[in-house]
Every structure is written in C-alpha cells, then in structure tokens.
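Chemist: Generate a structure from the sequence data that follows.
(chains A, B, C, D and E)
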Amino acid sequence: MNVLETMKKCIREALPDLDMVMGWEQGFDTLHATPLFMETAEDVDRLILGPTCVQSLAVHLPSLKGKKIGVVVKGCDSRAVVQLLSENLLNRENLVIFGFGCDGVVSLSRLKKKLGALDFIESAEKKDDRLCIEINGEQQDLPFDDICAPKCLTCSRPNAIISDHFAGPQRTPRIPAKGKTALEKFEEKSLPERFDFWKAQMQRCVRCYACRDSCPMCVCRDHCVAVSRNPHFVSQEATASENFMFQLIHVMHLAGRCVSCGECERACPMDIPLGLLRAKSTEVTSALFNQEAGLDQEAVLPLLSFNIEEETIEEHD
Amino acid sequence: MNNTVIAYYPGCSGKGSSAEYDLSTRTVLRHLGVDALEVENWSCCGSSPAHAVDHVLSAALSGRNLARVRSMGHDLVTTPCPSCLSNLKNAAHAVRDDDVRAKVNSLLDEECPTDVEAISTLQFFLEQVGLDTIQEAVVNPMPTLRVVCYYGCLTTRPPKLMCFDDPENPMSMDNILECCGIEVIPFPLKVDCCGAAFGMPRNDISSRLSGNILNMASELEADAVVVACPLCQMNLDLRQNQVNKACGTHHQMPIFYFTQLMGLSMGLSKKNLGLSKLAVNPEPCLARAGVR
Amino acid sequence: MHIGVFVCHCGSNISGTVDCPQTAKAAGEFPDVVYSTDEMYTCSEPGQESIIRAIKEHNLDGVVVASCSPRMHEATFRRTVERAGLNPYMFEMANIREHVSWVGRDKALNTRKAIDLIGMAVAKLRNGTPLFSERFNVTRKLMVIGGGVAGIQAALDAADSGIEVVLVERETTIGGKMAKLDKTFPTIDCSSCVLGPKMVEVAQHPKITLYAASEVDNVSGYVGNFTVQVRKRAVYVDWDACTGCGLCTEKCPSRKTPDPFNELIATTTAINIPFPQAIPKKATINPDYCLQLTKGKCGVCAKVCPVGCIDFEQQDKIEEVQVGAIVVATGYDLFDYSVYKQYGAGKLPDVITSLQYERLLNASGPTGGHVLRPSDGAEPKHVVFIQCVGSRDKSKGRAYCSSFCCMYTAKQAILTKSHLPDSQSYVFYMDIRSPGKGYDEFTRRTQELYGAQYIRGRVSSIHQHGSSLVVRGADTLAGMQVEIKADLVVLAVGIEPSRNSQKLAATLHISADTDGFFMEGHPKLKPVETNTAGVFLAGCCQGPRDIPTSVSMGSAAAAKAMVLFSNEQLESDPQVATVNATRCVGCYKCVKTCPFGAILESEDRWKNPKAEVLPTICKGCGICSVTCPHGAIQLNHFTDNQLLAEVNAICPLPTI
Amino acid sequence: MPPSNDLKDGGELRIIGFLCNWCSYSGADAAGVARLEQPTDLRIIRTPCTGRIDPLFILRALINGADGVLVSGCHPGDCHYVEGNFHARRRLETLKRILPISGIDPERFKYTWVSASESGRWQETVREFTAKIHALGPAPRMTDVVSRSKDLSLEGLLLQDENGGA
Amino acid sequence: MQAITIQEQDNDFRAEVERRSGQSMVECYQCGNCTAGCPFDFAYDLPVSKIMRLVQLGQREIVLSCHSIWLCASCKTCTTRCPNSIDVAKIMDVLRHMARESGHIKERTVKAFEDSFLASVKKTGRLHEVGVALGYEMRTGRFLTDIDLVQTMVSKGKLSIKPHSMHNSDQVAEIFKRFNGGIHE
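Modeler: This next block holds a predicted model:
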C-alpha cells in the first residue's frame, strides 16, 4: 500500500469518532490543491498527498476548538499544531493527528517566474527530484529544487513531529546548502538601504491580511489589533507607515512563536518577502532563549517567562 | 612542575648590589623544576627616578622590556624586584589607554605590547609553584629560626595595580617560610617604608625609617628579617651600620632574601644561594638554627 | 469633552524658566480644551478653589494640571476635582517642574516642552474613563517586625489604642540594640531603666502577641488583608511551660558558647537566657553548642528542669497570621570592620567595637561594669576612640554618615572618665555631628569637663607594640602626624541595614536605597510610609537614627496604622487590570505572567474560557496587558489607547 | 564637566521616554529636585512599571518618526512589582535585536535601569542618549519619497550587490 | 604668614594637576589619613593633606616650592588608605614633575640622585650603581657619600667598575633623546 492509501485507511477508521478530518484534494488543475473537509468515507476518496499540498491546515484548528477534529499534517504543519497545543489554544483530546513524511511542496510564485502564467496545466507530477509539468501544450521538466517552496530547501523536519497515525516512510531532513541565506545577504545592506526597501515594499502592500489569515499562529482573528479601535495601535489607512506598523506588530506577536511555516509569504499576493522578517525574529529569539517554537508541547513561551540572571542578555547598566 | 619555562627579568640590582637575590631565586626555581629564561637584551625599568621625572618616560623604559618579552613569544614575565615589577605593571596598565600608548610608542623603536603581564617571583612561587610543591622539597626545616617578614611598600601597593596579597597585612612570604619549616613571628611593620631610594640623597630619612624596622624586629626577638626587595635589603643590610650610627643602636640583624631561606630549607648549597654576599654576617644566626 | 488646563507658576519654580502664560495660551489650542489659565500656586487653597470654580463655570468633565511631579500632588488634585463632582480619574498631570523647569535652562525650549507635556496629558485624558473603587474589609490587626525600641514603641502605641498587635522578633529577646547599651546620650540616663519597663509592658499587654525567635518567611495579600507566614525557630524548649527559673543555665556544662548578646566578648552556656531582664524570659538552646544535640549525650538541662520543658525534638514551626498593616522596624547591624586590615582586621584583642565597649561599661555585662580590656583584663589608662570606621568611607562602599556615632563616642568618653578617673580619652574625628537638643553642649562637656582630647583627623594604622597599641593618626588642625600609645582602642563602627533586610524587602515588595536601607514613600512628606500601601517603617531600617528619632518613628508608624484601621472598609485602587470578555480567547497568557496570582482561569456563561481579574489583589503593574496580543486585558488609567495617545501627541501619526 | 545643553545644531529632536513610576520616574524627579541640568528634547511618558511597556508602543513611536526612544525602569531584582522588569528585559531585548531588519537604527532605542536614588545617573543617561540621537540626526521617515528608479524587489536589492561586487 | 586671597586662586593649577594625575581634587574631604600614614611626614615641610588642600585652593607657588614633594618615596600608603580612593602618591609625582619643569628645585640632592640614575641608564641601558654614585657626587660635590660602604661592597663583589653589558644600549639612549625632544607631548 502506498502512502496515500495507508493514510486513507487510517482516516476511514478514525472518522466515525470525529466530526471531521481536514486534508487536501485536487483544485481546478493538478498543480493546485485545496483543503478537503472529510465527514464521510466517500469524502476520503478525494484525499491527495503530494507536492501540491501546500497550505497548512493547522490554521483552521483554533476556530474549530470544541469539535473533535482530525487533521493531516506535513512536518512543518505539525509544528504549528504543537505550538498551538503549548499555548492552550487547542485541546489535545479533541484532536487526531494524521502525519506523514513530506517530500517538499511547490512554490507557485517560483514556478510562475520560470514559466510565466500558469494558465493551462495539463498535468504536474513529481518524479524523484524533478517536476514534470505539461503546460500550454509543452512538456517541462524542472529540477524540483528550483521551483519548490524556499523553506523546503532547508527543511530539517519533513516528518510530522506529533501524530496519532503516521503514514508511509520517514523522510530524511535536508542538509542546508552552503552559501548565504537571503537574510544574511539582506543584512549586508546598510540600515538606510533596508529601510528604503521596506518603504517600497510597504507601498505595495494592499493590507489584504492574507499573510495574517494564512498564519496558523494568528489566533486573534476577529479581535486582531490591526483592525480594532480599542486598542488602536494602527490606523486603517493603507499607507507605507501603517502597513509597516501592521507587519511589525505581526513580527512582535510572533516573536518566539513563529514556526517558520512560510505561509505568510506564500499567501502574499504582492510577493512581499515577509520571510525575512520571520527569519530574523526566529534567529533573535532562538539566540536569546535557546528555544525554537513548535517543538515541545510543554514549552513555556520565552516571552512569558524569564531568568533572574539572563545569560544571553548583556546587563544594561 | 617539571620543565616550566618562564621569562625572567632580573633587574639592574640583580647584576650588582642584589646579586645574591638573583642567584638564590634562580637556584631555587631550578631546584623546583622551573627554567628562568632571562629576558633577551633587557634594559633598566627606570625605577622610581623615572616616574618621579615623567610617567610616559617611565612607561617607555618598562615598555621596551615588555616588548622584549613579547618578542620571546611570552606573555608573562616574572621579576624578583618589586620596584621593577611596579614599573612593568604600570607600563602594561598605562598602555591600555590608547592615548598613553601612542605617547609611549612614540619614544620606542618597537611597539609596547598590550598583552604582556608581569608578576613577582614571590607571586609565582605562591600561585604557580604552590605551597604543596614547596613543602615537598623541604628537607631541612629550621624550627628554631625565628624570623619576621618585611614586605615593604611596593610588593602589594597600590592594590588596584598589584592585585596580589593583602595590602595591609600581606601573608605570602609568611606562608612560604612557614612551609619551609621556619618560625615566622607576626610583624606589625610589614608594610612600613624603609626609606626607599633616599639612602644616598637623604640618608637621614632612610636611616630613621630603616631603624624603626630593625628596632621592632629586635624587640620581637627575631633572629633575622626576611625581605623580598633589593632596595629594602640594601637599606636594612648594607646600610645597617649607617642606621646604627644615626640611631645610636647596635643591631647585628641578618637580612635574608626569602629565596635564600627557601634554598637553605631545601638543602641547597650556601654558595649557590649567595649567603656570603650579605653584609651582616648571617652565620651566627644560622648556626643557632642548626644550619651548617 | 470639556477639558480645563491649569498651568502652575509654582512661585518662580516653574515660571522662572517656563513662560507660563504663553503655555496656558498654547494649551487652549488642544482639542477639547475649553478653558486654560495659569495660576501662581495651583496646589494652594485659592488655586484649588479656582479649579473647582472653573469646573462648574465651564462645565468641565476633565482637568489637566501642569505643575510638579504627579508623585507630589496627584492625590491632592484628584481630591480637588472630586470635590467639584468630577471622577478623580478624569484628571491628568503634566510634570513641568521636576522634568522641565528644574532641569532645562533655555526658556523657549522649556516652554515648548511644557506645551508638549500638556498636549500628552490632554491626549491621555481624552482617552480616559471614569474609574470607581471597590470597598473591602480590613483586618484590624497590626504586625510589627522587629522588637527594638522603635518596634516596641509602635507595638505599644497601637495596642494602647485598642489594636491587636503581633510583634515578631528574630532574637530570643526583644530590646534590640538599646538593651545592650549602658547609658544613653545626652542625659547619661541608664538605658535599661528607660527601656526595661517598656519591654515588660509588651510582655503584659493583653493586645500584644509576641513571637520571639521568629522570622517572617512570606507575605501575601494587600493593604488591609495581609497573610504573613511566621517561622518560629526551634528553641528546643517549650516556652509555654518554661518559667525562666534559670536552673538549666546554671547546670549546663557547655560553657564556651559564644554570647551574641555580649557582642562575642564573653561566653555563655548552650542553654541560656540572654540577660536577666530578657522578654520573654525563656531559655533557649543553641543547637551548635548543645552536647545533647551535637553529640547525643548530656541532657542535663532536661534532668534539672522542674517543669520538664526541654524538647530536643522541637522543629521550626510556620504559623499563618492575618493582619491589616505591617510596621517594619528591623534596625541595623554593625559594619564588618575587619576589612580595615590597617586596624588589625579584628585580630587585635584590645581593638573593639563601640557596642562591645558598651557591654564592658554595662553593670550587667561580662565584667560587671568594670572597664577591663580583653587581652589581659587590665584597666586601660589611655583609651583611643576612632570615629567613622565604615562611615563616610567611599573606598569601603560606605559613603554615608552613620549619624549617631559622634554622640555615643562622646558619651563613652564621659563614661570612661567616670569609670576610670585616672584615664585619658582621645577621640579621632572628622567632623563632630551633634545637631540635637543639648547635643552640641554634650560634646563640649565631654572635652571641657571630662578632658577628652579631640583630635581632628583619621587614623592610618594601629599596631601592637608590646602590651600597648600604637595608633598612628593625623591632627589636621595642627597639620601634624600624631602617635598615641593606647591601652584600648574603641572603633565607632558604622551601621548598615540588618542582615537579611534585602530578602525582607523583596518579601514585602518595598524598595531599598543604594545603601540597602528601606525607602520611605517620600523623603519629606512620607517618612514612615513605603510605596507599598499598608507597610510602614520605623527606626534604623530606614536610615541611621538615634533613639529619640526611632521612638518618634515608631509612634508615627503606629499612628499611620491607626489611621488605616479607623476605616471600617478600605477603597481599592481602581487602577487595576480589567478583561474585555468579548475579546478574550482564553489562552491564559496573562495568568502565567501575573506575579501576584491576581488573574483567574475562569469561564463565561457559555463555558468559554476567559481570564478574570481579582481587583483587590491586582497591584496594577500592567505586565498582563503586554502579554495579550489582542489587547483584551487592559490596565485602567494606563490603557493601550491612553499610552498610544501620548505617543501620538508627541509624534503624530504620519500622513502620506 | 561635559557641555550639557549645547546642542546647537538645528534644535531639538523628538525623543520619547517610557519610565516606570517607582524607580526611574522617581529618579528623574530627584534629578529635577537636585537641579541636574539636562537637554530638553526628552518627553517622558509615565507607566506603572517597565512590564507595562508594550514593545509596540516603541515601534509606534519610531514609525511615527520619533528620533529616539528611551526606556528606563528599576534595576533587575528591584522591581516594585517583583517581576515586571524581568519580563520587560526579555521583551525589550527582543525588540532591540529585531529592529535592524526593519532598517530602523537600533541605536535610536535604548533601555536601561535607573533607580529612584540615582538622580546623577539619570542626568548622565539623558545627556548621553540625547547626544547620541543628535549624532545620528533626524530619523528617516516612512513618508519620505523613495526613488522609483531603483529596483526595490528583494532580488533586485540582493543582485545589485552581486553585480556591484563583481 | 600670608593671607590667601581666595578669589585669586590659580584654578589652572588645580586643573592641570587633575588632568595630569587623572584624580579629582574635589573628592578630598581633608580627613588627614594620608598625613596620618605618611612615613616621610617627619621630614616634610608641608604634610600631604595640606598639600592636597593647597592644590584645592590653587596655590601653585606654595605647593611647587615645598620640600615635601621631593621627599615622597611613592610608598603609596596614602593611596592605599585614602577613604575616597584618591591616588595621592600620583598627585605627589605630578607635583614633582611640575616643580622640575618650572625650576622649583627644593631638594637638590634628590634631584641630583634622580638625574644621575637616569643618566646612567641612558648611557649604559642598565643601571650602573658605581656610575650613579659617581654622577651623584659630581653633581652635589658630596664626594664622601656612602664611602663607608665601599669596602663592604668590594669585599662582597658588589662593586663593579664596569657597567653590566647589554647590546643595543643605544636603543635606551634613543628613548631619552626622543623624550627630551618632547615628541610625546
């Protein structure tokens, strides 16, 4: 039995005790997957697993709190689940986790850059480390690393780190390629260059909140301070400065919580490189608190605790 | 402690008036397995006259020697002489200030290093050789020899610079000599001044101050005074008759370097400890203590 | 809103460097400000009346006063606007004195800054809401920590007014340092004759419960309702049964036990009563020296005790006490003068502390009041006193003056002369500090009638020379070095906060100054209060104090507690956190960070998890507000919007 | 004695201070009582505790164009609310280290501890921080015009370096 | 004794002492501890604490023309025991430098000794004790100084007529040349 069939079997067995199981099904073509909410055994037939299962389904979990839910997770998705559990935002007993080992997912925006508009997709299939795609009548055979999500290139946790059922084989973590990361390259720029960069990016931002809505750690939803008047941290005007304020609020609210799933950047319709902000925040909090989000259900958020003597913080006298 | 090699700065008096200090220090070090490697082509540290004239000049004279130590590949130098030590430490400390370093270097051919540290051989014995090793080497304890240890001013002062022992009640020499099986009497004037370099220009002053120390030692019925400083030794020993004349006293108080007594307790030969170079004859006192 | 702004001249304190009329004029331009004016003294009676008048005339619903620090007069003005019918929290202050006129020299810049600060206050006020206090009951019981003279006075005054008092003393007897003294200055009256009756009164007072050999382990709660855990140390004697007959102490074979009451210049028995007038007069076993407790054999005391009160198995006991207020009177300890190596570092037997000398002078001391020096028991002839040992000495980390050493040194010089008429005293001093009634006359008398020789200068060193001590000092008035061959040297050792006071400060949530003394609420106006409501200070724990001042402070602290207890109920400070239940998602991040356990993991009607604040326990720090990403928990009077409004007032939101 | 108010270059800059009520606000009051002269640029916002200071207030101020933000509270271990400044220390340090990615100079934000008795230290802190902000000059604004000629995509920014460096 | 006109005090003098010593004069509160411990006080014309006071009062002439600043042996007892941690010995050093520079030489023998000492070092790189003695005697005309020690020293082999050798003693001479050339200032 292949991975998909094993997974389907597990889900079918578990479904009677659950209100619903979340997975993916094919969207309008083979390159696009959309969330699948399985309530009956027939629904399960439509389940797919593969490089197009991009979205993190964990994002839906907090709003379903109180229901008995199953969820299919990749390695990166599972970290969001762990983090939500550690923050008391999910009940473990109401949750059944179906994990598998992920081989990497495609990045539509990288693919678009390579192939132009992705209008007429006949087929798309991953074969070993290449993606074979038939588009506008042409057959393309691309190295997977060139069109996968950037996070997959350095993925250290391809396998679900928490699961009640695990389908298929464990995948080997990627060894990050040598060379500077985007963050490192960006940080070689001067502060004014960085500031101008963000200014230009923030002028493009349309405040659609796709970044926020795709973020599994953004749990305030209707009460997000980005849209509230009490507290009124940021105005609704979509100016560069208000947009930047919003983005920096997001950074601070994710400090020590971001699980580096990359969903914000993926969801951004303007391709604003929000991953830079996330990567920096993760770098800072792991250096300061020697702790990474989404790995330990029992962990206390670093910004909710303290040490009387902080070894990593130089005393400001 | 086998085959330890240390850079060693003997100081000018070690080649003249305190030859026995230099000799006995080297002898004892060698006996304890330490090679004292003389700093190549060292020059005078300038002593107190240099800093009495100018602090930069003083730092430059010592800075040259620190540079010599660095060129030997060492970052630690020891010296038996507290006055040299004080100047070396002062220079090493002063050149940490960029401004001062620039001034000092402008006087020098080679730059004064900022990473060379100086310590006294006394500190070296105590901290790097260790009392245990010293005690193990003792073959000839002298329990009937009653001495007082006199440290003088500069061994521990100023405390912020010297960072060694207690500036008011130093015990390093006391502890070493007790380890060597010698009776050490607590000495209240341990850190009083002997008159320092005034022996020549103002003998009246140095005689009075050295006299106080000799008087107190003899009141405490000490057999001898033990010192760690060539200048103190000279004032108390070579100039003892001048003191007697000025104060109307009749002291015949032997003034040992602590290394000499260490050597004796370890059974080393008197010749290699330079005992015959002492001005006040130590033999009667040593005979009483059973040292042949 | 209708906001009124009142700019205070504070005489010339503000108007000297701030253009007050122009400031008031500019303040009138801020949104919602309908009235602005400048006043000579806003806090004065006419000043306050004009605020009340303006509120009524201009129908104001918010007031900003620009004057001194809110730490000075916020409470005053809140009462003022309340008198005019406004909610006291619809009031803001702009600190244009301490933060503007007193620190800036340029009048134009100062004026601009003052206007900005008023703009911030107005912005904050526009985002403010009326707040209402809750009322809660008061436990009318006072705890006094420390049974020295200050603590005794506080306990007696409070008890006499009918308040239940719990007095906690660390040592096995109350009396503190004063019980060790022989005589007191400037009257030379007997210390124990003055203090003794008060100690007895404590023991007999029906309203006072005494916990000796006890310490405060933990304090929780808040003003009016503190819960204190008191640790009663094991004394190995059942004090309820012990009659203090002293038979055990006569028979105890372990006679080399150090005697802290005699400042370690004498020894006592392992089971002992510190001194005949001790309160409580109960025996205590020192477990480090008791043969039964260290070696398991002896038990003589148990055999001779007529009431069988010895209990070698006794353990520490924790008792919980509910009180409404706490007076801290933990006193002082002597500075450890052994860091003065040049004074013999404590190794020279005839160099002693002033407190040890008190014991030598005291008739109930180890020498029966004969001045005999420790080394050989001889009567000293030349006695040298050295002042400022561990006082006014930056190099030893003690820059402060210990305040009463000049006076007791003079007293000791007088007593030396009366004990030993042939003796000669010498006092090395830097300055004679005698600013009290009859104090300076006293130090003059010491010299003029009792012949003590005062030498102005510090002492460089002391060394033993034969049986005498050579004291080498300076007389700076003569410009000479001086040397004295002394038989006894008494060091007027400086004082420091009593040991463990740092820990107690943390337990009580009060702060300490850089020298470790507890901080008063205000140096002038709240000398016995602290910044924690319901905790008061008395005596040397707040700073060096002599006996009369300590006693005054004890009375003052008791009076403060009585004022507190005169209310049937107290009003809680409404500046506490509140939860907006519709916004709360029940993650309880706030619960995890609250240092006081003031937030509960609660539920709403529909069983949704929600945080809930207990307003009487909340101390208003606002840590929780920052943990909540959706701003569901807000600190009243310091809400996100109030603080953001202040930010935006100085740096307006950028427009494109 | 260093010159105090002699910042004669183009007047005041906008510096916001967030001070805890118990230590630093008191310390600043004490500096006033002692008439310890300070530059006038600083505008102080009083909060009960550094634990009340949301890093977002600081970001709001910086994005609004504040030239400097100074936070000061009780020394760690001396917090009136026992733990407030321990929380603040983690939050503020995190903010300070994240700031550089935004292009906002982290030197424009300082947090420190000044007790109620340290009036001299407060004066020193204000003088030093004000001098530093004046050395940095006015902060760049989000509203300033960005040159449209530059390629401001990430690739563009990073490539520009590679091309320039080659 | 002359009265000091307080308004005419030489503040530059005080500032120069502070700058060159790195010490703050105002911290001295005249406790007298430096005088109390000074081993040389008996030989001083002004006690240390008075020198400190006179520097505070800007009395350049009185201070630089005193004997005391020449008689300080830098034993540093004052520095060690100062309750305000002032490096008093360093101030004494600086005052002696200033006295030298301005030609206030109150202890000719002390200056002669220092000069002879440094001259010997300059000449041979290391100190030549006989050279110092001879130089001192030439400078002071006190030809019998320490003559009583000669015999002992000779018999103990401590008097070498020739200086102890070192290479490149010219390097040391060079230090002095540059110093006298005033490069460092």
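Chemist: how many other residues sit next to the closest residue to chain D within the stretch 151-300 of chain A?
Modeler: Residue nearest to chain D within the stretch 151-300 of chain A (CB to the nearest CB): A:F195, separated by 2.8 Å. For the C-beta atoms, the positions are set from N, CA and C on the backbone; glycine is no exception. Using other CB atoms under 10 Å in any protein chain shown, A:F195 has 22 neighbouring residues.
Chemist: And it, its phi and psi?
Modeler: Dihedral angles of A:F195 (phi, psi; degrees, to the nearest 10) stand at phi -60, psi -50.
Chemist: what's the spacing between the nearest residue in space to it that is not next to it in sequence and C:L469?
Modeler: If the residues on either side of it in the chain are set aside, A:F195 comes closest to D:G103, at 2.8 Å by CB to CB, 6 or more residues apart in numbering or on different chains. Look at D:G103 and C:L469: by CB to CB, to the nearest Å, they are 71 Å apart.
Chemist: So for these two, which residue has more residues nearby?
Modeler: C:L469 (27 against 21).
Chemist: What pLDDT is listed against the more buried one?
Modeler: At C:L469, the pLDDT value in this model is 96.
Chemist: For it, which non-adjacent residue is spatially closest?
Modeler: Using CB to CB, 6+ apart, the closest residue to C:L469 is C:A486 (4.8 Å).
Chemist: how far away is the one you found from C:Q453?
Modeler: 12 Å.
Chemist: Looking at those two now, which is surrounded by more residues?
Modeler: C:A486 (25 against 14).
Chemist: Backbone torsions only: list them for the more buried one.
Modeler: phi -110, psi 160.
Chemist: List the contacts of it.
Modeler: C:350, C:380, C:382-384, C:426, C:468-471 (CB atoms under 8 Å, 6 or more residues apart in numbering or on different chains).
Chemist: repeat that with 6 Å
Modeler: C:382, C:384, C:469, C:471 (CB atoms under 6 Å, 6 or more residues apart in numbering or on different chains).
Chemist: Please report how far it lies from chain E.
Modeler: Separation of C:A486 from chain E (CB to the nearest CB, to the nearest Å): 14 Å.
Chemist: Wait, the residue nearest to A:F195 touches A:D196, no?
Modeler: No. In this structure D:G103 lies outside contact range of A:D196 using CB atoms under 6 Å: 7.2 Å.
Chemist: for whichever residue of the stretch 551-656 of chain C sits closest to chain B, what are its contacts?
Modeler: Residue nearest to chain B within the stretch 551-656 of chain C: C:M553 (38.4 Å; CB to the nearest CB). By CB under 6 Å, 6+ apart, the contact set of C:M553 is C:150, C:528, C:538-539.
Chemist: now it, nearest residue through space, not along the chain?
Modeler: C:A538 (4.1 Å).
Chemist: With B:V5 instead?
Modeler: B:D35 (4.6 Å).
Chemist: Any chance of the backbone angles for that neighbour?
Modeler: phi -90, psi 120.
Chemist: And for it, the neighbour number?
Modeler: Neighbours of B:D35 (other CB under 10 Å): 13.
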